[in-house]
Structures are given as structure tokens and as C-alpha cells.
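K.L.:
Structure for this input, please:
(chains A and B)
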Amino acid sequence: MADDKDVLRDVWFGRIPTCFTLNQDEITEREAEPYYLLLPRVSYLTLVTDKVKKHFLKVMKTEDVEEMWFEYEGTPLKWHYPIGLLFDFHASNTVLPWTITVHFKNFPDSDLLHCQSNSVIEAHFMSSIKEADALKHKSQVINDMQKKDHKQLWMGLQNDKFDQFWAMNRKLMEYPTEEGGFRYIPFRIYQTLSDRPFIQKQFRPVSSDGNAHTLGDLLKEMYPAALPNDGEPKRNQVVIHGIEPLLETPLQWLSEHLSHPDNFLHICVIPIPTD
Amino acid sequence: MPVSRLWAVDVYGRVYSLSTAGQQWELCHDTQMEFKRVTAAQQCCWGIACDNKIYLNVHASDLPVRYQEETYENQRWNPVDGFSERLLPSDRWQWSDVTGLQHQPLDSFQLPSGSWEWEGDWYVDENFEGEPTEKAGWSYAIDFPATYTKDKKWNSCVRRRRWLRYRRYKAMDTWAKIPSQQTSLPDPFSDISCGGWEINEEPRGRLSLWAVSLQGKVWFREGIYHHNPEGSTWEDVPLPGEVVQISCGPGDLIWAVLWEGQFIVREGINRDCPRGTSWAVVDSPSPDVGATHVAVGDNVVWAVTKDNKVWFRRGVNSHNPCGSGWISMIGEMIMVNVGLNDQVWGISSEDRAVYFRQGVTSSELSGKTWKAISVPRDGDRSHSSASTNSLQSAGCYFCGEVRGQSAVSDVESDTEKGSTDEASCLASSVAPESVVDAPTDPSGQPADTPKPRIPKVTSDSFISELVSDREPGKPTRVMGPASPAVLEEEVISGEVEDKAPCVDVVLSPSQCGGPLDPQWSNVDLEEAQNQHAQIAAVLDSTDTCSLSSVATYTLAMEDPYGADEHPLWAWVSGGGCSVDSHSQLNWFNCTMNASMLAQSVQPMSLSVSPALTAAWKRQIFEQLSERTKREMDNFRHYEQAIEQSVWVKKGTMQWWRDWKPHKWVDVHFALEQFSGPEGNKDGILFIYYNFYEEKKYLHAFINEVTILVPVLNDSKHTFAIYTPERTKQRWPMRLAAPTELEMHDWLALLSVSCCDSRGIQGPPSKQAIWSVTCKGDIFVSEPSPNLEAMPYPTPCNQMFWRQVGGHLRSVECNSDGIVWGIGYDHTAWVNTGGYGGGFFQGMASSTDNIYTQTDVKSVCIYENQRWNPVTGYTNRGLPTDRYMWSDASGLHECTKTNSKPPAPQWTWVSEWAVDYSVSGGTDREGWQYAADFPASYHGYKTMKDFVRRRRWARKCKLTTTGPWQEIPPIPLSDVTILPCAAQSSVDVVPLWGISNKGDVLCRLGVTALTPAGSSWLHVGTDQPFKSISIGAASQVWAIARDGSAFYRGSVSPQTPAGDCWYHIPSPTKQKLKQVSVGRTSVYTVDENGNLWYRQGLTPSYPQGSSWEHISNNVRKVSVGPLDQVWIIADKVQGSHSLSCGTVCHRLGVQPMEPKGQSWDYGIGGGWDHVTVRGNSMEPPRVRLPSLTHPSALAPRSPLPARNTEVNGNSVGC
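P.N.:
Model (predicted):
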């Protein structure tokens, strides 16, 4: 029988088969072979692409190499979003493997953050966790942790150590039973047809009359356009980790089980492909 | 926590109960009666109905209440007729009791009341002392009375046989009237309280029931126990005054309220005298305001005074039942009630809601706050308003008739308002009398009693009595008595004095302020003065705090039903309600939605079925596995983005040094984990120690560790690590962590690491082998396919065992994955399919299917005394004697103060008490006598006895978690499940059990989807049993307490309980104690540790022919569905040490050679139980003719200690 713990494992060990190809415009000494890799859905592009970089540098001259960045069908990929989110948001209905173009020139400063080293990713990751805990526990849990505990979270993600990460992360997922959930659910809703990067507001897991809020309740409040009107066919998919949970799924459960390691529930609202 | 019930009566006389797992009051639908008061025990509920008669509601249980009547038929031989019924004039009756003194013809037996029925007709008991007789149950003797034998001899002049007939109590789950005693009960009852079940557990289900009559007399019901739930007679208890109310605790506390407002406390209650001997008087908490109500528990007394103030009595216990002083509590109640575990409920005088006292623990008996129980009643849902409510269920009393009556009640109330008691007392005293006169109807059917007979005045006045609101002149009075709804309001707020005292005034005014024991009242007065300042201080805080309690009430009123539908309660009884401060109750602030949800989930909570998973969760499980297929399955050959690396965890510990002198040395401990070449995880653990200033280390590969065993004791937090090599040595690595928490952290981490290295995750498989240690820890092992292979089985020291949360004494399973366990307190548990629990937190434990589990066991010590001619028995022994307080062996001193619970997680839950249930019997004070220490003890004193001892026991309790759910209510001593897999998951699987009392039970409705089954079917036996086992072909074998075996005939899916028992004599001079039946093999173990195999079993003669001795040194046997034989060996010698209680596997068992050849030794040192009945995995067939010869097996040496161990005492680790 499937257990809730299995969901955590499935989420953690989710992989996206990816084909990295070098941008046509890069100057190479010989033709660059594409590079195939299984990317962890919950990690960050720049954290897991050392091998990709090494592979392409073999065919390039050092003076032609600037900061590496990635692009999919013309869209620069934000490394500070989890990989699974990038895939779901940009490429969820395409044929696998996911083909990503690798650039070493013309870094799009307007679209992307620079990422010179892993410490930048670590800082970003830890600040997300802290922000999430501020919403969940008024930062009480994360502040009670020691420096080495923070490090354990990060090392768990960096080295793909599920047990190491969850030994610590489960403390962040606890809440007083009498309250029925976190203070607020840390979530972000991403939408294709908007200038805003995402929706993030305060939303409680339990309604004022004591009922558990569901994914549907959240969307109704935050992004009603994502839901179909009565009688109309569904226009949008609500995707988390590549799956479409039912709208009646309790939000608190989702937050505990389908959050990314950064402790946020990243929800993609994407239009159903018309063809 | 078992589900139990809180009982309450609302102001309309309707009885409701609230389940500890439930979220709504359930109306007791059975009754058309209205009740005044109820008092509950766990097995039943007593009540006083509006006819002032006492009714009993015995809760239906799987174990029927059946009583065996017996009588003897006696015959004498004469030369003419042979044996005939013609006896000598000096002989006993032809039909008599066992002694021959009582004339007992068959037709003299009558059912005691209408609540009983005969199960069948009289039949002859064909067994004599556990063995079948040849001729119609006759046993023979030379003369009456003499020694009877089953064989007829030349000099047998008389014979007798026993006739049996069972009667069954049929009035389950319904209110049955207790037949009134013709003569001695002149006046009706006004109060009732039951308890006392902790004083003496023999006979089973014994209860003390105390009742108060309207005249203020107190009555004690004699003879209530399981087989006689109604009791036999009422006994008058002499009193120093007139009582208005009485309360009896689960133990020996009994307090009553005198109508003058003082209390009387019963003294001299003990095991042999549950009625007690005398009364002591305790004054009311406040000198001016008399007490109206008292409630007692195990160690607490709560009281309510006329001004509705609540009081708690300090310092109450068995030795000082009067306590030492009163403490004023917050809250105003009309009554309070104390239930099990000293938990307290009350009914507020303000809103008449039932309140639960939160935070009552054994260290803080007075609790913290009152919390209102706000759950709907089941009637609330179907009826939209209060008035329809009353029309529906109480209409027959209140609508037509009451309307005309309202004038009377108005008059009554008005008179009372005038503060003279006379009129109202007269008015109300008329009421009960009229009831007394009325029920002369002999039919005694509760259903048709009330309606025609109850005069209107009665129903009204009894409500007034229930509703003893003390605030005069409430505004509701101005409402006209026009509509029933309004009338109810009016009645509720009507100001009425307690009726019972009023009656007293009228009937026996001379006894007003009856003589009190001056000594006692003096003592208490003094105390009251001392306390005065203290109470005043408390009162201050009461005032301020009452503000907050008012606020609480207002909140409670905000429930969705509005004020007019708020239930108004008159009485509550928690005597059957088992909650404690840890219980999770859903009684507070629940909304309609939540309660409906709970209702729909509740009945299914025991069945472990995937169908229960919510649709949204199923969707997530399904989509995640689809996602894996879509995104990963075709791309497994891709490279992983992140390479695995090493991860190390370090700590400090102490290590029990492997070489002599053995001692604890400080070490550094480290676990290095890494990914193996195929991506599987592995690790090494290191123990770094100093040896003569030199740093050295010891290591073990995680994939070689076979088991991690926690060995918590009160001095160190230790655990043992075994590998196959160390199992052979019988010498594990022993480590001690600095704290319990660290030990659990390490154990959890190491356990996950071991499981990872072996690719084990999730719940145990259906084939799993389960075992239990003497500490109650549960382990499970996944059998390899080669475990039963021939000729090279997997050695059983290589089996990997992982721990499962929970605490059990034994566990049984089958290959459908149905697993049952029995705790030390004999509670039955079913495995929920989860894993982890206990100290396995986080990832090593499943989220679902883990529940709280408790277990209770007794710690026993012995008090030893020696006789000397001057002083008799004293605690002065000879210099050579054992300690005067010792363990059973006498070698270790164990006093009441220095004895501790077995491990830190255990807490005491009782005081030391004399244990009378010692084998060999005891005298009335629990002593056993012997000529000298150590010798065989007997329960009576003879001239030759110079020493005596008695056993003291103290109960301790463990609370842990694990994948187990309780199967109430019958405690079990053994259980067995048909070992083979059923054809489908809905097929019923036979499961048999033996109750704690020795009854044989057959569980109905057990399937792979509903492993808990539905109910017990009782299988009749003529003597108590202790062990049972069912084989793959439904062969049921059992062992009786007298040590003989029985085979149950005709068990089949159509007749799951079979038809009759066939007696199988035990091996010569041996008493059997346990049986296990596999596919065809039947093995038993006797009390001397011998293992026996049943010869000559054939389908046509399933009883077999004889017992063949297989081995000694055996404590327990488990035979599996492949006829594989596993045992717990008593002692096994290893290369370094000896282990007691070891799992062993019989080698060389084959279809043609079911007895096997030799033993293979597995994990050991403190193992108590193993079951292989889940492992039906046929080993791969290897045909190597040259190797199947026994000599090629190279078995280990035969059992060591073979000759030394005749008396297979179990030796704990």
C-alpha cells in the first residue's frame, strides 16, 4: 500500500531526462556532441550542470567562454527556479528528452540572475527556506536550528541525500496538532499569461470555520481565472511536480508532501494545449 | 486506546452515550423509559428509571454471559437390578449437588429472571477430570462420599455422573429491569452508584453496586459478577443518618452525602469485605452551606455544595479514605462524576452542558480547567428544532399529558418559592409512593410499563428533581405554560430542593441531624478552621477566574444549534469511560461537518484497506507512478546529474569490551554511508577505542549487521549489534549511548542504513517471520527463498531482523499478511500494515497506520517470613536466609522502595498490592507456606511449615506507538491463524483464540482486507484452555489448562467452529503447554521443555496415534505452512557465551521426513516467541541425490545442554 512517505521519495527522486545541445552560434573547435543527463526535478540547473559545462568546454577555447546559461525554445531558463518547475512551466507537453540549449555568450542580464558559484545557489535556497518558515512558523523552527542543521539541509540537496535532507526538513514540516496546519502555506503560483513572475500571498491552511482549505480554495482566492467556469470545459492544467492533483486535495497535505526542498509549493497554471 | 463510552441523562430523562472515538451523543434507542440517573461500568450501565426501579444494560460483548448449572445423578448397585436409582435410606438424594447434601432434581433449576434463556437441554458430562469416560459419564466409588474413578472395579458399589446445562443472559444492550425483592424493599430508589471492580478481580466481572432509597437508606447489591450480572439480593447497610446520594469508586473509596449536608465515608473495605464495616463522618467544605453531591474515584473525592461550588478533597487514598482537607475549585456545577483514571466530568449549573476536567493526571489529580463537551446529539441532525425533538421522543410524556399538568407544577414551584418545604415535600412525596403502588404488574416488561402507569405528577416531579436548580425566580417563570416547548423551559429552571431530604423530613423528622460521631466532626472542624484562610485565598482567585469561565461558557453556546437546541443535561457517568490525560478526544468544538465525517470514517477504522485512501490521494499516488513511467522508465541509461558521495555521522558512546575484564569503555562511534557500485547504499560502522594509549578501531559492515536490539534498562541506554559471526559467538557488540534520545536516534539511523543496504523498505511482506523478545520488542525478518531449501538452507544466523514499533508478548501471522499480537496485559492487537513507530521517527516510519499502543505488566517481589516459637512468623530470618524482601529466586534484595519499573519508558500505575493469583494458592492474606526456603509452597499452613512468603505486585504501563490497533474487548492468551494464503482477499480466514480466562473463541469475518474481523464466536468447552493452533487443512488442536490435548472435529468453511472436542492424552507424565499445527505436522511442547511430534496423522484419522519425542530444551514451537519447524530453544551455547531464548530452525524437514534431523541456531539471547506461519515460499527445487543423504548435511552438533536441562526454566536475558 502506498504511504505518504513514498510521495516524499517520489518527489525527491523525480528526474527529467534532458538533452543539452550547444548553441549554434558558439565558436567551437569541432562539432559538439549533445549531452544527456537525468536532472533532479527538485534541484537547480546551475547546481547540477558541472558535467555539462565540462563536456562542452572540451570543444571550446577558454577565451570564448563566458558565464554559462540555458535556453529553451528562445526562453532563457531562470536557474533560481527549481528544474521541475521550469520543465512543467515551459515544456510540460513536449516530447522527452527535454532539449535545452547551452550558451556561453551574451548572458541575458535582464532576464537572469548571475550565478558565479554554488554559494549563490545556497544563499538563494536558504533564503527561500527561511521565507517559507517565516510563513509557516514565524521563523521559529528555522531560527531554533543550528548552523550545521542549515548546512545539512543544503548538503542534502546538493548531494541528493534524501535521508540527510529529510532528517532535518521534517522539523520544518511539523505543526501543533491543535492548529491543524501551518500558520500560512508557503506557495507560489506561476502563470503563463502575466507579467508578474508569480502570485504569492498569505493563505491559511484552515478556514475560519475550521474546515481544511483545498487546492481549489487557494486558486479560487488567488487566481480564479485558472478554474473553469460552470459548464465550461477545463482550460488550464494545475501542475505540481509534473502531476495534476485534484482540486479537493487539502492544501496542508500538499504543502507537507509536494513542496520543493525550498519549502515552497510551486504551482504551475498552464493552458491546456489546443491541438 | 480502547473505545469506551460516557453516559449521560438529559433533563427529559433520555439516556445518551458518547464514544471516546465519536463526535456525537447517541440516544439509547432501546428504551421507551425515562431515566433519572445512570451509573456506568465498562461492561454495563445501571440506571434508575422514572418508575424508580433499577434497570441494567449489559453491553453486548463477543463473549456471551453463560452460566453452567450442574447436578449429579447418584446410583447404587444391588444384586437384583445392578446399578439403579434405588439408594439406601442413609444415602444422598438421587439427584444432588457435588457434596450430596443438596437435593437438586433437574426440574428444580429455574432461570433467575426473564433476562435469561436456556442454551439447550440437560446433557451428561462425559469427561471425568479432563479425560473421556467410557460409559455415559459414570464415575465409580466404593461408597458415598469417596474417591471416584472412571473405571468400574469389583468393589464399586455406587456411581454418579454429572449433568450439565447452560443458561445464557439474553438481555444484552437493552434495559432490563432488576426483579424487585418481594419483602424487604419498602421504598423506591433515588440514587445508585457502581464501582469496586478493582478491589477484587475474582470472580470475574465483580462489581459493587450501592443504592440509596427515597427514605435515605443505603443498600448494597450482593453477588454481581460476570456470570450473574444482575446480582442476587439487596442488603441493608446500617447508617448514622439519612443519605441522599452515594458514590462508589473503582477501588475501595465510597462516600455518601447525608441530607444534613455532611459526608460519610465507608471504612473497612477490602478484598474479602467489599461492603466495608463502618462509616466515618466528614464535614461539608463550608460550614454554612451543606453538601449536595459527592463523586469519588480511585484516589480523589470531588464534592458539590448547595451553592453549586465545586470542591476537591486533598490527601485521599486507600489508607486515608477521609482525606485531609477541602480545596475550592473553579466552576459551578450541579453534579460531578469521577470515572476511570480519576477523570472528572461535571454538569454546569449555568448552561447544563457536560464539562470535562482537562489535565487530570496522577500527579495533578485536580486537573487544570473545565472544558465543555460540545458535540451534537444524533437526534439533532434529524430534527430541526427543539420542539419537534421533544414531540418525537418524549412526546408521549410531555405533550398531551403535561399540558394539563403544568398548573400543578406551577403550584408546586410557587410553594417552594415561598421557601417552606412542607408543601412541596408533600407534593413530591406523593409521587414516588404512587409509583411504588402502581407497578404490581407481574409481567415486568419495561417496554409496556411506563406509559400507562406513570402519573403525570411523577414525570414532572422527577424532572424537577433532576433539575435541582438552586436559583429562585428565574425570569423564565413568567412564560405561560401554553406550549410544550415553553413548558420544558419552565420545568428546567424551576427551583426545587432535593426531594429525598424532603421526604425524610416528612417521614422521619426525628432523625434530622442524626447523631454524628463527635470525634470525627471535631477533627474536621479543626481542620476547616485551619483551612479557612487558605480557602479565602482560593476564593479570591475563584472570583477573578470565574470571569474566564463565563467566557468559556459563552463560547460553548456559540454552537451551530443555537441556545434553544443546546442539550440540557441532568446526570453524567464516566465509570465506563476510559480516558486519561493523553487521550485524543474529539468532543470539543466540533462542527457538524467534522462530526459527519467522523461518523462515516469511524466504522471502517479497523479495516486496513486501500479502498479507504481518499480519492485525491489515490490520484496523487497514481499520477506520480505515471510520471515515473513517462519521465524516467525509458531513460534509465542516462547519467545521473549528481554523483553520490560519502556521508559520515559520529558520536561518543560506551562499549562493553569484548575481552576480559569486561567493562564499559568510552569510545567514538562513526557510521560512514556511501553508495555501492550498483547504486545501492551501504555503510561501515567504526568503534574507535584506546588500548594502552594506542588508538585502535573495530568495524562492521552495515550489510553484515543482522539485527539491532535495544536493551534499555534503568542504568544504561544500551543496544546490541549482531552479525552472523557474533550470533555464532553468542556475543554481540554492546554499546551504550549517553542519553535515551541519542540511543533512539542512532538505532533509527542504523536501522535505516541496514535496511537500505539490503534494499528493504516499506511494510513487512506477507511471508515475513515475526519474533518477540522478552522485553516485548517486536522484530520481523524477510525470509530468503532458500530459507527452507534442501539441502542447503540459508543459515538462520544470516537472517536480517528489523524492529517494528509496539510492545507485545506474542505475535501470530499467516501468509495473507494477517498479523495479530497479544500484549502483556492480554490485549489483542491487529497489525495495520504500517511500519516503524516506536522510536522510528521520520523516514523510517510510515505516516499512516501508526497508532498509540499501551501495555501493562506487573513487577513482582516477594515478602519472606520465618516462624519462631516466641513471636510466630516475623520478618526476622535466619542469618542464612534469603532477603526478607526479594525476587522470586531469593537471591536479590527487592524492596518496595528500591524496585523500579523495567525500563525508563515504563511508569507505575498502581501501588504495591498483595498478589493472590500465585500458582499453588494462598491463604486469605496472600501467604504461601513451606517447610523451608526454597521449597514448594502451598496456600495453607501446616505444622511442618516454618517459612512463608507472599507476592506483591505493582503494575506499570508503557505507552508507545506502532502499526497496531486494538481489538477490544476480550483479553486473549493465545491466537492462531490458518497459515495458508486464501484464494482471494475477501475470503474468510479462520482465526481462533483463547481468552485470558481460557474460553475458546473463533473470530468471524477475518479477511486479508479486514484482518481485524468482526466478532467472536464462543466455542463451548468443559474446561479452560491455554494454547490453540489451526493447520492448513483447518485442523484445530488445542491444549487444555490441565495439560491434555484436544482435537476439534469437523472444522470446515461451512462450520468454522467445528462440532466437538476429541480428547488426546498427553505424553506419559507430561503436561503439554503449547501446540502448533502446520500443513500436516502437529508439534507440541510440554512444561518440561520437550518437543513432541504427533505420529500417525492421516486424513481419515486426523487425531493421530501417539506422541514421538523430538528434542528437549524447547520453550516454544512454530510450525509453518511448509511444515517447517522453528522453535525457541531454552539455552544455546556459543563460542563466547551462552544465550537463553534462541530462535532455532529444524534442518532436514522433508515431506517424507517431517521430523527433520538437527537444529540450526539463529538469533538469540532473550527471545520469547517466533512465528513462521507466514512463510509459504516453496524453496527452489534442487535435486542432488548424492547430497540428500543425511550424513552429507553436516549438521551442527545436537542440542547442547541436552542432558543438563531437564527442567526448562525460561531464563530471561
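K.L.:
Just the closest residue of the stretch 801-950 of chain B to chain A, please.
P.N.:
Using Cβ to the nearest Cβ, the point where the stretch 801-950 of chain B gets nearest to chain A is residue B:847, with a distance of 4.0 Å. (Each C-beta comes from the backbone N, C-alpha and C, glycine too.)
K.L.:
next one: phi and psi at that residue?
P.N.:
Geometry field for residue B:847 lists phi and psi as phi -80, psi -40, criterion degrees, to the nearest 10.
K.L.:
Just to check, it is in contact with residue A:8?
P.N.:
No - using Cβ atoms under 8 Å as the test, residue B:847 is too far from residue A:8 to be in contact (9.2 Å).
K.L.:
picking that back up, retrieve the pLDDT associated with the spatially closest residue to the residue of the stretch 801-950 of chain B closest to chain A that is not a sequence neighbour.
P.N.:
Distances taken as Cβ to Cβ, 6 or more residues apart in numbering or on different chains put residue A:4 closest to residue B:847, at 4.0 Å, once the chain neighbours are dropped. On pLDDT, residue A:4 comes in at 78.
K.L.:
wait, what's in contact with residue A:4?
P.N.:
Contacts for residue A:4 were tallied using Cβ atoms under 8 Å, 6 or more residues apart in numbering or on different chains; they are A:257, B:617, B:846-848.
K.L.:
so how many other residues sit close to the nearest residue to residue A:192 once chain neighbours are set aside?
P.N.:
For residue A:192, the nearest residue in space outside its immediate sequence neighbours is residue A:270; the separation is 5.8 Å by Cβ to Cβ, 6+ apart. Residue A:270 has 19 neighbouring residues, counting by other Cβ atoms under 10 Å in any protein chain shown.
K.L.:
What separation is there between residue A:270 and residue B:628?
P.N.:
Applying Cβ to Cβ, to the nearest Å, the value for residue A:270 to residue B:628 is 21 Å.
K.L.:
what does residue B:1051 give?
P.N.:
As defined by Cβ to Cβ, residue B:1051 lies at a distance of 46 Å from residue B:628.
K.L.:
Settle it for me: which of the two has more neighbours?
P.N.:
Ranked by neighbour count (other Cβ under 10 Å), residue B:1051 and residue B:628 place residue B:1051 first, with 24 against 15.
K.L.:
Spatially, what comes nearest to the more buried one if we skip its sequence neighbours?
P.N.:
Residue nearest to residue B:1051 in three dimensions, not counting chain neighbours: residue B:1058, with 3.8 Å by Cβ to Cβ, 6+ apart.
K.L.:
a helix runs through residue A:88, doesn't it?
P.N.:
Yes - under DSSP: H, G, I helix; E, B strand; the rest coil, residue A:88 falls within a helix.
K.L.:
picking up where we left off before, tell me the confidence at the residue nearest to residue A:192?
P.N.:
In the prediction, the pLDDT value recorded for residue A:270 is 89.
K.L.:
Could you tell me whether it really is in a strand?
P.N.:
Yes - inclusion of residue A:270 in a strand is indicated when three-state DSSP is applied.
K.L.:
Can you name the residues that contact it?
P.N.:
By Cβ under 8 Å, 6+ apart, the contact set of residue A:270 is A:88-89, A:92, A:192, A:236-237, A:239.
K.L.:
Residue B:1076 and chain A, how far apart?
P.N.:
Plainly put, residue B:1076 is 29 Å away from chain A if you go by Cβ to the nearest Cβ, to the nearest Å.
K.L.:
so how far is the helix or strand containing that residue from its chain's centroid?
P.N.:
The secondary structure element spanning residue B:1076 is strand B:1072-1077 (assigned by DSSP states H and E). On the basis of Cα atoms, centre = their mean, to the nearest Å, strand B:1072-1077 is displaced by 25 Å from the centre of the chain it belongs to.
K.L.:
Which elements pack onto it?
P.N.:
In terms of contacts (3 or more Cβ pairs under 8 Å, 6 or more residues apart in numbering or on different chains; DSSP states H and E), strand B:1072-1077 is packed against strand B:1025-1030, strand B:1036-1040, strand B:1082-1086, strand B:1114-1119.
K.L.:
Residue B:1019 is in contact with the residue nearest to residue B:1051, correct?
P.N.:
Yes - Residue B:1058 is within contact range of residue B:1019, at 7.4 Å (criterion: Cβ under 8 Å).
K.L.:
domains of chain B?
P.N.:
Residue ranges for the structural domains of chain B, counted by automatic domain parsing, are given in the record as B:1-26+B:37-65+B:172-587, B:67-169, B:592-629, B:647-739, B:762-850+B:963-1193, B:857-953.
K.L.:
Could you dump the ones you listed into CSV with mean pLDDT added?
P.N.:
Compiled in CSV, the domains of chain B are given as follows (pLDDT from 0 to 100):
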stretch, mean pLDDT
domain B:1-26+B:37-65+B:172-587, 67
domain B:67-169, 84
domain B:592-629, 58
domain B:647-739, 84
domain B:762-850+B:963-1193, 86
domain B:857-953, 83
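K.L.:
Quick one: name the residues of the stretch 1-150 of chain A near chain B.
P.N.:
Selection of the stretch 1-150 of chain A residues close to chain B by Cβ under 8 Å from any Cβ of the partner chain yields A:1-8, A:10-11, A:14-17, A:36-40, A:43, A:48-49, A:51, A:96-97.
K.L.:
6 Å instead, please
P.N.:
A:1-5, A:10, A:15-17, A:36-39, A:48 (Cβ under 6 Å from any Cβ of the partner chain).
K.L.:
What distance separates the opening and closing residues of stretch B:1075-1082?
P.N.:
For stretch B:1075-1082, the first-to-last residue distance is 7 Å (Cα to Cα, to the nearest Å).
K.L.:
quick one: contacts of it?
P.N.:
Residues outside stretch B:1075-1082 that contact it (Cβ atoms under 6 Å, 6 or more residues apart in numbering or on different chains) are B:1027, B:1029, B:1031-1032, B:1035, B:1037, B:1039, B:1083-1084, B:1094, B:1117-1121, B:1123, B:1154.
K.L.:
ok now it, how far from the chain's centre?
P.N.:
When C-alpha coordinates are averaged (Cα atoms, centre = their mean), stretch B:1075-1082 and its chain have centres 30 Å apart.
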